[in-house]
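> following is a predicted model, sequence given first.
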Amino acid sequence: MPTAIITGITGQDGSYLAEFLIAKGYHVIGMVRRSSTITFQRIKHIQDDITIIQGDLHDQSSLVDLVERYQPDEVYNLAAQSFVPTSWNQPVLTGEVTALGVTRLLEAVRLVNPETKFYQASSSEMFGKVREVPQNENTPFYPRSPYGVAKVYAHWITVNYRESYDLFAVSGILFNHESPRRGLEFVTRKISYGVARIKLGLTNELRLGNLESRRDWGYAGDYVEGMWLMLQHSIPKDFVIGTGVTHSVRDLCELAFNHVDLDYQDYVVQDPRFYRPAEVDLLIADPSKAFQELKWQPRIGFEDLIQMMVDADLKRLALEID
Ligand code: NDP
Ligand code: GDR
């Protein structure tokens, strides 16, 4: 039975990856940080099938202990301060966790067992003010937020440990991926939840920022398979994972409101509070390398994804009201 450690298991991707690896027969170890309230909402249905261990990307010895104790075959580093706007308010914390935290975990792997395969959750935010369209593995980076800058550091330290120490360390450059488990502050979930609340008569407006920015949105359940495939490849390489299709936030609003027979223009209010100091205007992946070499393909398209999220929020809220 192979063993995998997932940092960030309580997050959106961690929960889907854990389900995926359990189904593949892995012993899954989930690292969680200590908190005064339980954060296991997304993994409570699989809690009996995984081993939960406390640790923190701030704390080197907790990471060394973890790798020493479980001698994993694979480590998936999904933990991060992952919300872009927060990275302007907490730039130092974002650098500590999202950037330096990766070095701490790589050091733990290098010192304890350099045979361990390592996956780093890199991001399309590294492309930022894009240098070419669409973006592939060779597109130069131009990050536009402290989060993006931290992810660029994390990306290069992963590449550097691969080249310096011959580690099987890879970086998956994933474009935005969403699901009904997405955090409420991210725009897809903010919209699906907002639409559901409006439809159920709980509110009558949805305040958003920039409606013109464009993203390549896919389904998180599909993307975790890409992470695993990268670690099964014969050669450690970095891959872009995305759909190759882009939509604006406005398109997203239109689709989500239409799904419940409403017109977004009657409810969406643009609020400067949600504008960013520097925006990423356009992201669109060129995932052809992953298609060819990993045989990876997204299964759920944009329309189905957004409808799935709106339906899930309607169901969840209807149960709460009952
Ligand atoms: P989430 O924000 O849903 O989850 C982040 C996870 O990191 C949570 O489990 C959180 O724990 C944990 N975490 C935060 N700080 C620490 C810390 N100091 N020590 C240990 N754990 C910590 O993110 P996603 O699941 O959406 O994303 C997973 C990874 O992929 C992140 O690195 C993100 O930056 C990256 N990424 C995500 C994309 C996306 O579209 N979703 C696209 C590209 C990259 P807690 O529950 O306690 O807060
Ligand atoms: P992003 O996702 O910054 O791309 O990072 P987010 O959903 O937060 O923003 C996407 C775009 O929507 C615009 N927007 C709003 N965003 C939010 N959150 N709230 C609003 O009210 C709003 N109105 C408009 C934003 O300006 C932006 O252009 C996500 C995270 O998961 C990162 O961790 C990950 O690395 C990248 O995706 C790829």
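Received the coordinates, thanks. Ligands and ions are numbered 1, 2, ... in the order given.
> all strands for the stretch 1-150 of the chain, in order.
3-7, 27-32, 50-54, 74-77, 117-123 (DSSP state E, counting those that start in this stretch).
> and these as TSV, adding mean neighbour count?
In short, each C-beta sits where N, CA and C put it, glycine included. Listed next are the strands of the stretch 1-150 of the chain as TSV, based on neighbours: other C-beta atoms under 10 Å:
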stretch	mean neighbour count
strand 3-7	26
strand 27-32	23
strand 50-54	15
strand 74-77	26
strand 117-123	26
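> relative to ligand 1, which of the ones you listed is closest?
strand 117-123 (3.4 Å; C-beta to the nearest ligand atom).
> what is the closest one packed up against?
Where contact means 3 or more C-beta pairs under 8 Å, 6 or more residues apart in numbering; DSSP states H and E, strand 117-123 is packed against strand 74-77, helix 101-112, helix 146-165, strand 169-174, helix 220-232.
> re earlier: next, format the strands of the stretch 1-150 of the chain as a markdown table and append distance to Asp65 and mean pLDDT.
Output for those, formatted as a markdown table (distance: least, C-beta to C-beta, whole Å; pLDDT from 0 to 100):
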| stretch | distance to Asp65 | mean pLDDT |
| --- | --- | --- |
| strand 3-7 | 12 | 99 |
| strand 27-32 | 10 | 98 |
| strand 50-54 | 9 | 98 |
| strand 74-77 | 14 | 99 |
| strand 117-123 | 17 | 99 |
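> ligand 2 is nearest to which of those strands?
Of all those, strand 117-123 sits nearest to ligand 2, with 3.1 Å by C-beta to the nearest ligand atom.
> circling back to that earlier point, take the strands of the stretch 1-150 of the chain and write them to CSV, including distance to Ala196.
Shown next, in CSV, are the strands of the stretch 1-150 of the chain (distance: least, C-beta to C-beta, whole Å):
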stretch, distance to Ala196
strand 3-7, 29
strand 27-32, 29
strand 50-54, 30
strand 74-77, 31
strand 117-123, 28
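> and of those, who's closest to Phe168?
strand 117-123 (4.4 Å; C-beta to C-beta).
> next, the buried residues of stretch 84-91.
For stretch 84-91, the neighbour count (16 or more other C-beta atoms under 10 Å) marks Val84, Pro85, Thr86, Ser87, Gln90, Pro91 as buried.
> circling back: now the helices and strands packed on strand 117-123 in TSV, with distance to Trp296?
Output for the helices and strands packed on strand 117-123, formatted as TSV (distance: least, C-beta to C-beta, whole Å):
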stretch	distance to Trp296
strand 74-77	16
helix 101-112	23
helix 146-165	19
strand 169-174	10
helix 220-232	5
